[in-house]
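Novice: Give me the fold of what follows.
(one chain, ligands or ions: 1)
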Amino acid sequence: MLTDMHTAHDGIWASVFDPTQHPWLPNPSTGLSLENILALSPLNETDVAQHIARFLGLSLISLAKTPMYHSSNSSKNGVFIADNLMGISDPTQLLSTLSKYHAFKEKPLRLVCLSHTERLRFLYKQRSLSWQKRLDKKETALVNLPDLARFCCDYAYHMRASDLQLLPQGKHHRLTLRIDGIRQSLLSIPAALSIRLARHWLLQAQLSYTQKQPQDGTLSILINTHTKRLRLHACPTDKGMSISIRLPRSTQHYELSDLQLEPTQRKQLMQSLSQSHGLIFVTGPTGSGKTQTLYCCLRHLAHEGRHVISLEDPVEQELPHITQIPVRANTDLGYAEAMTHALRQDPDVIMIGEVRDRETAAMALQAAQTGHLVLASCHSSHTLATCDRLKQLGLDLRELNHIPTTLLAQRLVRSYCTFCFKQKKQSCLHCDSGYQGRRAIFECLPLSSSLIQVLSSHDMTQINRIAKKQSVLWLGDHAKLLIQQRITSLDECQRVLGRLMESNQHDS
Ligand SMILES: [Zn+2]
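Specialist: Numbers count the residues shown, from 1 in each chain. Reported below is the predicted structural model:
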């Protein structure tokens, strides 16, 4: 660790520490911050924290069982976990952090190391307690609105929330977050302040508070020195403006392998993607990850050199090498109109964001019949229910006999938190609930002609017999595999799938 003392005159840093020997440590001379290192490092966060603790000669502790200590002295670089006990994680910030705490000269300040995420999440929880105390004391006139608005977005970002919502309800309005699909409370705020906060956000998004119609806009905020654009939706209610802010997802482009399909499912999907023409319907309720699955398929197809056009309402993520056309239902450029335009562009593959009317369904079928591969999402609970949905949309299943058609249903279940998995059912600062992140459950059903023949009978014995022959996994079967592999729990699968956990429960 110590370099040759001859280099001591090169500077204090070089005299005690050779950065080239420690690429996992933050280093002001290379400009790499701890955040960048964590993003780039092949090591996981706990390993990096262990190296830093060893380097500083401090013990690394986990806050999993530490009760929340309320301190207003905590800062972005050092959090107080108890009296005079400070947790740090970034050695480059050590001196500046310590210099802020002259007040503790009387009592010796004790230091421990924390992982980066634990420190930030502990800090933001302390701050949310401070905010709630101030709001409860009705110090609302003194509240700095930009500070509160910023705190809410920062908090949501650091807690990995997908949405932040301001919900006008009664005397106290609620600020809530959605994390891994589960709603959590952030703050309860007095109605008068909630109105000011809503105005603040609307102004930032260049929208009007007096508008009686729902509005869409974007907010630009600074998170970790990067400007992020957040989608904002405002809807007037009888108790005030309801605001929903969508947090940016990772800009990472996922590949087909990231979907983590079972080998048989992957083979079935790849087979349908390799066709020059056909239909692939991805189904599931809102928020079940359909868009991400479709995006992975499109990226795979574009990578093969095919001309891909996607029609989306709205475009959720920009994809390289794919022509994305934003459509708006009930306007001159709805799905059906956009489809007509797209076909004139001579595409090999067309993606339809959602098939929700007979006209679009008929056009999708026609495009598939004329040599295009058509991918689409539609709302139904599972693959067999999709058949009923397609019939409602005017498609005769017998017409699909000569068109390779694949139905893919999916759900997202929360997966166990890798940080506290060994102490199962406990939570830690990384997760709050024992779960962290989500994993998709799939049901991939290629519509063979023998299957089409028995589908109208709704005879599950017959359908199951053919599905088994085709190695189809129902949603419940895939869920059970993930439970066996200890990726998620039975409770979680039952929460998401309900009676679909039982195979043979497909009689929609
Ligand atoms: Zn955990």
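Novice: got the residue ranges for the strands in the stretch 351-500 of the chain?
Specialist: Using DSSP state E, counting those that start in this stretch, the strands of the stretch 351-500 of the chain run over 373-378, 405-416, 435-446.
Novice: Which of those sits closest to the ion?
Specialist: Nearest of these to the ion, taken as CB to the ion: strand 435-446 at 5.8 Å. Any C-beta I mention is one placed from the backbone N, CA and C, and that applies to glycine too.
Novice: That closest one - contacts with which helices or strands?
Specialist: The contact analysis (3 or more CB pairs under 8 Å, 6 or more residues apart in numbering; DSSP states H and E) places strand 435-446 against helix 263-273, helix 383-392, strand 405-416, helix 475-484, helix 490-497.
Novice: Sort out which residues of stretch 172-187 are buried, please.
Specialist: Within stretch 172-187, the residues that count as buried by 16 or more other CB atoms under 10 Å are 173, 174, 175, 176, 177, 178, 179, 180, 181, 186, 187.
Novice: again with stretch 486-498
Specialist: Neighbour counts over stretch 486-498 (16+ other CB under 10 Å) mark 487, 488, 489, 492, 493, 494, 496, 497 as buried.
Novice: Quick check: residue 183 is in a helix.
Specialist: No: going by DSSP: H, G, I helix; E, B strand; the rest coil, the assignment for residue 183 is strand, not a helix.
Novice: neighbours of the closest residue to residue 426 other than its chain neighbours, just the number please.
Specialist: What sits nearest to residue 426 in space, not counting adjacent residues and going by CB to CB, 6 or more residues apart in numbering, is residue 420, at 5.3 Å. Counted by other CB atoms under 10 Å, the residues lying close to residue 420 total 22.
Novice: And residue 420, what's its pLDDT?
Specialist: If you check residue 420, the pLDDT there is 79.
Novice: got the contact list for it?
Specialist: Taking CB atoms under 8 Å, 6 or more residues apart in numbering, we find residue 420 in contact with 64, 426, 427, 428, 430, 431, 434.
Novice: of all those, which comes closest to residue 375?
Specialist: Nearest to residue 375, judged by CB to CB, of these is residue 431 at 33.8 Å.
Novice: can you tell me which residues contact that closest one?
Specialist: Counting by CB under 8 Å, 6+ apart, residue 431 touches 417, 419, 420.
Novice: check these against the ion, which are close?
Specialist: Counting by CB under 5 Å from the ion, 417, 419, 420 from those sit close to the ion.
Novice: Isn't the second one up against residue 436?
Specialist: Yes: applying CB atoms under 8 Å as the test, residue 419 and residue 436 come out as touching, 7.2 Å apart.
Novice: Give me the common contacts of these two.
Specialist: Residues touching both residue 419 and residue 436 (CB under 8 Å, 6+ apart): residue 430.
Novice: which non-adjacent residue is nearest the closest residue to the ion within the stretch 51-200 of the chain?
Specialist: Using CB to the ion, the closest approach of the stretch 51-200 of the chain to the ion is made by residue 64 at 7.0 Å. Nearest-residue entry for residue 64: residue 428, 3.9 Å, with adjacent residues in sequence omitted and distances by CB to CB, 6+ apart.
Novice: How many residues are close by the one you found?
Specialist: Residue 428: 22 neighbours (other CB under 10 Å).
Novice: among the helices and strands packed on strand 435-446, which is nearest the ion?
Specialist: The ion sits nearest to strand 405-416 of all the helices and strands packed on strand 435-446, at 8.1 Å, using CB to the ion.
Novice: Now the closest one: average pLDDT?
Specialist: Mean predicted lDDT for strand 405-416 stands at 96.
Novice: again with stretch 445-459
Specialist: Mean predicted confidence for stretch 445-459 is 90.
Novice: Over to stretch 216-225?
Specialist: pLDDT averaged over stretch 216-225 gives 86.
Novice: again with stretch 89-99
Specialist: The average of the pLDDT scores along stretch 89-99 is 83.
Novice: Return the set of buried residues in stretch 426-433.
Specialist: By neighbour count on 16+ other CB under 10 Å, the buried set for stretch 426-433 is 427, 428, 429, 430, 431, 432, 433.
Novice: In CSV: the residues you listed, plus distance to residue 340 and pLDDT.
Specialist: Listed next are the buried residues of stretch 426-433 as CSV, based on distance: CB to CB, whole Å; pLDDT from 0 to 100:
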residue, distance to residue 340, pLDDT
427, 52, 78
428, 53, 80
429, 53, 79
430, 49, 81
431, 48, 84
432, 49, 78
433, 47, 84
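Novice: Out of these, the closest to residue 208 would be?
Specialist: residue 432 (36.7 Å).
Novice: And the closest one, how far from residue 121?
Specialist: 9 Å (CB to CB, to the nearest Å).
Novice: same thing with residue 443?
Specialist: Note on residue 443: its distance to residue 121, by CB to CB, is 35 Å.
Novice: Just put the contacts of residue 420 in JSON lines and tack on distance to residue 83.
Specialist: Output for these, formatted as JSON lines (distance: CB to CB, whole Å):
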{"residue": "64", "distance to residue 83": "20"}
{"residue": "426", "distance to residue 83": "25"}
{"residue": "427", "distance to residue 83": "25"}
{"residue": "428", "distance to residue 83": "23"}
{"residue": "430", "distance to residue 83": "25"}
{"residue": "431", "distance to residue 83": "27"}
{"residue": "434", "distance to residue 83": "30"}
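Novice: This protein - how does it break down into domains?
Specialist: Following automatic domain parsing, one gets these domains for the chain: 5-122, 140-246, 256-501.
Novice: ok, which stretches of the stretch 101-250 of the chain are helices?
Specialist: Remark: helices assigned in the stretch 101-250 of the chain by DSSP state H, counting those that start in this stretch are 116-136, 145-158, 191-204.
Novice: Quick one: the strands of the stretch 351-500 of the chain as TSV, columns for distance to the ion and mean neighbour count too.
Specialist: Formatted as TSV, the strands of the stretch 351-500 of the chain follow (distance: least, CB to the ion, whole Å; neighbours: other CB atoms under 10 Å):
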stretch	distance to the ion	mean neighbour count
strand 373-378	32	24
strand 405-416	8	24
strand 435-446	6	22
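Novice: right, and the ones you listed - which one's nearest residue 55?
Specialist: Checking the strands of the stretch 351-500 of the chain against residue 55 by CB to CB gives strand 435-446 as the closest, at 27.1 Å.
Novice: Next, the contact list for the nearest residue to residue 160 once chain neighbours are set aside, please.
Specialist: In space, and not counting its chain neighbours, residue 160 is closest to residue 179: 6.0 Å by CB to CB, 6+ apart. Counting by CB under 8 Å, 6+ apart, residue 179 makes contact with 159, 160, 161, 162, 432.
Novice: and if we set it to 7 Å?
Specialist: Counting by CB atoms under 7 Å, 6 or more residues apart in numbering, residue 179 touches 159, 160, 161.
Novice: Can you check the pLDDT for it?
Specialist: Confidence at residue 179, expressed as pLDDT, is 92.
Novice: Show me the beta-bridge partners of it.
Specialist: Counting by DSSP bridges, residue 179 forms beta bridges with residue 182.
Novice: For residue 382, see how far away it is.
Specialist: Counting by CB to CB, the gap from residue 179 to residue 382 is 26 Å.
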